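Novice: sequence and computational prediction follow.
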Number of protein chains: 2
Amino acid sequence: METMGNLRRTHYCGTLRARDAGTQMTVAGSIAKCRDKGGVIFADLRDTTGILQLIFDDSTDRAVFEKASGLKSEYVVIAAGTLREREAKTDKIPTGEVELFVTELRVLSGAQTTPFEVRDGINVNDQLRLKYRYLDLRRPSMHEPIVVRSKIAKVVRDYYDEQHFVEIETPMLIKSTPEGARDYLVPSRVQPGHFYALPQSPQLYKQILMLSGFDRYYQIVRCFRDEDLRADRQPEFTQIDMEMSFVTEDDVMAMNEGLVKRVFREVLGVDVETPFRRMPYSEAMARYGSDKPDTRFGLELQDVTDVLRESGFAVFKSAVEAGGSVRLINAKGLAGALTRKEIDKLVDVAKTYGAKGLAYTRLTADSVTSSFEKFLSEEEKAALHKAAGAETGDVLLVVADAKNSTVFAALGALRLAVANKCGLIDPDKFNFLWVTDFPFFEYSEEEGRWMAMHHPFTMPRAEDLDKVESDPGSVRALAYDMVLNGCELGGGSIRINDPAVQDRMLKALGFSEERARESFGFLMDAYQYGAPPHGGMAFGFDRMVMLMLKRDSIRDVIAFPKVQNAGEPMSGCPETVEEKQLRELSIAYAPIETEE
Amino acid sequence: METMGNLRRTHYCGTLRARDAGTQMTVAGSIAKCRDKGGVIFADLRDTTGILQLIFDDSTDRAVFEKASGLKSEYVVIAAGTLREREAKTDKIPTGEVELFVTELRVLSGAQTTPFEVRDGINVNDQLRLKYRYLDLRRPSMHEPIVVRSKIAKVVRDYYDEQHFVEIETPMLIKSTPEGARDYLVPSRVQPGHFYALPQSPQLYKQILMLSGFDRYYQIVRCFRDEDLRADRQPEFTQIDMEMSFVTEDDVMAMNEGLVKRVFREVLGVDVETPFRRMPYSEAMARYGSDKPDTRFGLELQDVTDVLRESGFAVFKSAVEAGGSVRLINAKGLAGALTRKEIDKLVDVAKTYGAKGLAYTRLTADSVTSSFEKFLSEEEKAALHKAAGAETGDVLLVVADAKNSTVFAALGALRLAVANKCGLIDPDKFNFLWVTDFPFFEYSEEEGRWMAMHHPFTMPRAEDLDKVESDPGSVRALAYDMVLNGCELGGGSIRINDPAVQDRMLKALGFSEERARESFGFLMDAYQYGAPPHGGMAFGFDRMVMLMLKRDSIRDVIAFPKVQNAGEPMSGCPETVEEKQLRELSIAYAPIETEE
C-alpha cells in the first residue's frame, strides 16, 4: 500500500463535465470497474458524487501504466492528471463526456473479491446485502438516499432557524410512561431496580420547553418503540419534532406547510401548492374509508345504507339493524380489468381488513353478474344502480358490517387495491392534505374504556367540551395529520394549557387521580405556573425521505437499519453480554417459561 | 382564561429599541414583574429574547386597565399597543429606552405562586431548581445558554455542510463492546437474553461509513457512558462527531481549526488565530505536567533530577534510584501570596494527586524557609537555586516520585492551584493548542497489560511500527487532542486502514484472535474490501458550549441534565416499572446481595 504523499483531492468525480476539460486535477475513490482493451486501460473511479473514467494508454508513463494494470475492483486510489473530452462520449453516466488522462497514480488500498458486485441492477439476497451493508451502501442507488437525507435535514434546519426556532436536545434516558406503545427499558446501575425508558417521542419535554419560555422549539430526534417490525417501522426511527407557543392550529399548519414547500422546492425542485386542502376526519372516512386518504385518484365510497335498509339480503339487513352500514365503491369503467378472478382476490383483501365478505356487481356489455342482486327486489336493484351511478363497464364493490369502522377499513383497502391493480395512481403526483377534527376519544374493546386517539394532552374543541362526559365519542380534538399520497407524513395538535381541562380529560380517560399523578404529575404541576397556548407536530423523517425519493422501504433511507427480529445483521446486535455486566445492573436473565 | 382571538405576536420583546418607537405591535410572554405606582401600572413582559416594559396609565382604556390591575407574576399574556420612548430611560436592560403603551390585553393563563422567584441573582438550592427546571429555565441566565447552544449547533452544521460533509445518523441500539467505559444496556424483547448497548460514541459506525464511500461524515449525536458522575460528566452527553477520507492528520486538524474559528467568530464575535500551536504529548507533560495544558500562564515544570541525583535527602534519592524524577515549579515572585498556610493547602493538593508530599523553598527578603534544603549540601543548594532560577520573592514547589506520572499529575495540579490562587489566569483569553504524538500504548497496572490510550483502531506512526513488540511504550499514535484553556475540547486520530497492521496492534493489546473477532470481527472484515486512508475527531459539545459561555458546569448548558445519582429530579426518572414490563423482556430484578 502506498501513502497519498502530496496528492490531495481537488475535484469530485460526479461533477465533471466537458466544460472542465483541460483542467489539471486530483481525484480519489474506489475502482468500480477496470478493463484493458487493446493496450488501453479504462478504469471507472467511484466517489461519493459519481463515477469518472480514468484512462491509461501508450502515451502514459510506463510506471503509471504498470501500476494501473494491477488495479482490481474496489481498490482505493488517488489519481492526478488532466481532464479531457472523450472520443467516444456516452450519456449513460453524467460524466460521460470526459475522462481523466492519469499522470500520477497511487494505490492506497487493495481489496479482496467482494461477496457481491458493487453496482446497481444486481440481484443479491437481502441478508447478504445487510451483512455487508458497507458494500451495499457503495452502490449508487443505495448511496444517494443517504446523501439526499442529509440535504433534507439541512433544509429543515435552515427553515426552522429562519423562523426563530431553537434546536433543543431532550433527554434519551427518561421515565417510562403507561400510555402508548411498549417502551425500551434501560436498567439503572446507580439505582438498582429502577429503569429508564428510551423516548417514544419528546412529547412531554417539548411541552415542558414551552412552559420554560422557549416559545419555538424543534429537533430532529431519534425515537424508540419496542413493537413488532413492519415494512415502514423500525425500533429506532427519526422524527422532525416541533412545538410553538401563542398559536392556534392554523398557525402550526401554515408554519409546516411552509416547511414542506421549502424542502420539496430545494431538494426535489418540485413546487407544492399551499395552503393544503383540509378535510375533517369524518369526511375522510366517509369518502375514502381512511384517515389518511390517497387523493391521487377517485373511487370514492358511497353510502347506500338507506337504499338497502329493508333489503331481503340478510347480510345487508342485519348490518343495518345492528347500527352499521352498507357502502360501496363504483369502480367506474373497470369491468374489463376486474375479472371474476381479480374480484376473488379483492374478496381476500376485504376479509383481511375484517369484513365478512365482499358483495359485487359486474356490469359488462354482455351481462350483469352479481353476488347479491338476486336477493334484491327490482326496485331495490334499480335504486342501488341509480345511487351508485352504475353504468355498463362498471363494477360495484359492496361491504356491509355492523361496525362502520370495518366497512371503512375494508373499502379503504379495496380502493387502494383496485387503484394499484388498474394503474389509477400517477406516481409523479404529490398530493398533500390535512386531516383535521379527529375524535378525541376512541373506544377500546380490549381495554373496555375510552382511550385518547392522539394523546391525553390534546386540546378538545371548545364547543365540544360539554360532551366530554355525556357523549365522549362526539368530542373532536384540535388535532391534525399531514397526509401525502395516502401516507401519514406527520401529525400534531394544540395542547391543553388549562389544568382544569386537563384534569377533566384524564378523568374521562379513566385515570384515577393517583395514577394520573404517578404518570404525569410533574407535567400537571408545571401547567400550574403559567402556560402559554401552544401546539406543534412531528414528522416521521424516515418516511418523509422515503416518500420524497419514491422508495418502497424505509430501510433504504436509513444507513444501518434493523431487520425483522430487531437485529442488525452487520454487527450482529443484539448479543449476549458478560454475566458481570448484568450483575452490575442488578438484573438477571429470566426466560419467560421459568417465570410463569 | 381568554383566547388570543385575532392577536398574533408581531415583535419579540428583547429586540426593541428607541428606533422602533411609534410602531404598532403585538408582543406575548410572561409577566416577570408587575407594580402599581400611583395609578400607573408597570408590567415587565418576558419572552425568549428579553424583557419589555408594558405601561397602563390614566389614558389607558378602563377595561384594559382593570384587567392589567389583576396581573401577577408568571401570568401569560398577549398585548397590543404602540411602542414609545420612556420618560425615565434605563440602561439596566437592553430595552430600557422604550415601553409599550397597551391598548389591548388578553390574559391567556393565570399562575400559582412559584416556589422561587423567576429572576436572576436569586439564591435557591439546586434540588429545588432542578425539580422545577421549567421555572429555572425561564430565568434569563439559564435561558440564554440553551438558545446560544442552538446557535452554535447551527454554525457547526453550516460549516461542515459547506465543506461537503454529509450528516448521517448512526444507530443508538448497538452491540456492547468490551473496550472502554461501562455500557448502558437495553434488553431485547424479541431475542430474549440478548442486549443492545447505547453507544459511547459512533466510532465503529463512522469508520464503516468511510468504508461505505461517504467520504466526509458528521453528526451531532447523543452518547452514553454508565460511569459515576463528576462536575463535567453526564450519563448522556452530546458529541460533534466527524470523519473524513483521503486525509492525513494535518488535514483533519486544519478542517477543525476552521470549524472553531467560524463558531467563535459567528457566535462570540471572537477572532481565533489559526493554525493552532502544536505540542507533542511528551513536551506537554514535561512542561505542564498535563496532556491538556492551560497555556494562559507560565509556571512551567522544571526537571532537577540531575541536580539532586546524589542528594542526601532520601525522598529525592530513592525516587531517582527507582527510575523516577524530581521536578519543580518556580512560583516566581509569589512568596507574598503563598504563605506557609497556603503552602499547606498545596501539600494537600499534591497528595490528592498521589504524591507522597510536597517539598518547598520560600525565599522572602527576610529569610529562606525550606522543608528540605537542610538535607542538601551547599553545592546542591546552589545548583538547585541556579537551575530553578530562584530569586528573592520566589517559591519553589518540588515533587519527587518513583513514577514520573505521579510527579506530572501532582505538579500539573499544583500549577493550576497556584495560578487560580494568585489570579494568574486571564479569563478573557481563549488559548487553543493541539497536543499530538500521544503514546499508542498505556500500561495498565490493574489489568497487567498494555492498553490502547485512544482506541485500538488508531494508526501508529509509521516510523514507530518496528517497536510495537519490542518497546510498546515508545510507539506514538497519529492522535491529536484539541485543548482550550486546559480542557480537552476534542480529540481524534488517523485510523488503521491496513488489516495487517490492525491484526498486529490487536495482538499487541493482548486480544486473542477469537476475542478480536468476537469484538470487532465485522469491522475487521470490512477493512478487507478496500479502505481509504481516513481519520476524524469528536468534540464534547456540552463542554464546548460551557467553555464558550464561561459557565462552571455542563448542567448549565443542558436543558434537562441528570444529577449525581444519574436521576432527573423533575420527572423522577429512573423509576420502578411494572413487573409485566420486565417479564416481557425476560429479565428480573436481582439485587446484588442475593446474587453473591
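Specialist: Good, I have the coordinates. Source: prediction; values computed, not measured. Numbering: from 1, shown residues only, chains lettered A, B, ... in the order given.
Novice: what secondary structure does the residue lying closest to residue A:449 once chain neighbours are set aside sit in?
Specialist: Of all residues not flanking residue A:449 in the chain, residue A:510 sits nearest, at 4.6 Å (Cβ to Cβ, 6 or more residues apart in numbering or on different chains). In this view, the C-beta of every residue, glycine as well, is placed from N, C-alpha and C. Following DSSP: H, G, I helix; E, B strand; the rest coil, residue A:510 is assigned to coil.
Novice: my guess is residue A:510 meets residue A:448, correct?
Specialist: No: applying Cβ atoms under 8 Å as the test, residue A:510 and residue A:448 come out as separate, 9.2 Å apart.
Novice: looking at these two, which is more packed in?
Specialist: residue A:510 (13 against 8; other Cβ atoms under 10 Å in any protein chain shown).
Novice: and that one, how far from residue A:450?
Specialist: 7 Å (Cβ to Cβ, to the nearest Å).
Novice: go on, residue A:224?
Specialist: 27 Å.
Novice: who's more crowded, the two?
Specialist: Each of residue A:224 and residue A:450 has its neighbours counted (other Cβ under 10 Å); residue A:224 has more, 22 against 19.
Novice: the residue nearest to residue A:409 when sequence neighbours are not counted and chain B: what is the separation?
Specialist: Once flanking residues are discounted, residue A:409 sits nearest to residue A:353: 4.3 Å by Cβ to Cβ, 6+ apart. Shown here: residue A:353 relative to chain B, a distance of 26 Å by Cβ to the nearest Cβ, to the nearest Å.
Novice: wait, isn't residue A:353 in contact with residue A:410?
Specialist: Yes: contact criterion Cβ under 8 Å: residue A:353 and residue A:410 qualify, at 4.3 Å.
Novice: poorly predicted segments of chain A, please.
Specialist: A:179, A:231, A:593-596 (pLDDT under 70).
Novice: next, count neighbours for the closest residue to chain B within the stretch 401-550 of chain A.
Specialist: Per Cβ to the nearest Cβ, the residue of the stretch 401-550 of chain A with the smallest distance to chain B is residue A:530, at 3.5 Å. Neighbour count for residue A:530, taken as other Cβ under 10 Å: 28.
Novice: what's it sitting at in phi/psi?
Specialist: Backbone torsions for residue A:530, taken as degrees, to the nearest 10, come to phi 100, psi 110.
Novice: with the one 5 residues further on instead?
Specialist: Residue A:535 adopts backbone torsions of phi -170, psi 170, taken as degrees, to the nearest 10.
Novice: wait, what's in contact with it?
Specialist: Residues in contact with residue A:535 (Cβ atoms under 8 Å, 6 or more residues apart in numbering or on different chains) are A:243-244, A:247-249, A:252, A:459, A:478, A:492-495.
Novice: show me chain A divided up by domain.
Specialist: A:13-109, A:145-278+A:432-558, A:297-421 (automatic domain parsing).
Novice: okay if I get those as a markdown table plus distance to residue B:414?
Specialist: Below are these laid out as a markdown table (distance: least, Cβ to Cβ, whole Å):
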| stretch | distance to residue B:414 |
| --- | --- |
| domain A:13-109 | 47 |
| domain A:145-278+A:432-558 | 33 |
| domain A:297-421 | 75 |
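Novice: of the ones you listed, which is nearest residue A:287?
Specialist: domain A:297-421 (4.8 Å; Cβ to Cβ).
Novice: for residue A:260, pull up the helix or strand it's in.
Specialist: helix A:249-263 (DSSP states H and E).
Novice: tell me if that helix is near chain B.
Specialist: Yes: remark: helix A:249-263 sits within contact range of chain B at residue A:251, by Cβ under 8 Å from any Cβ of the partner chain.
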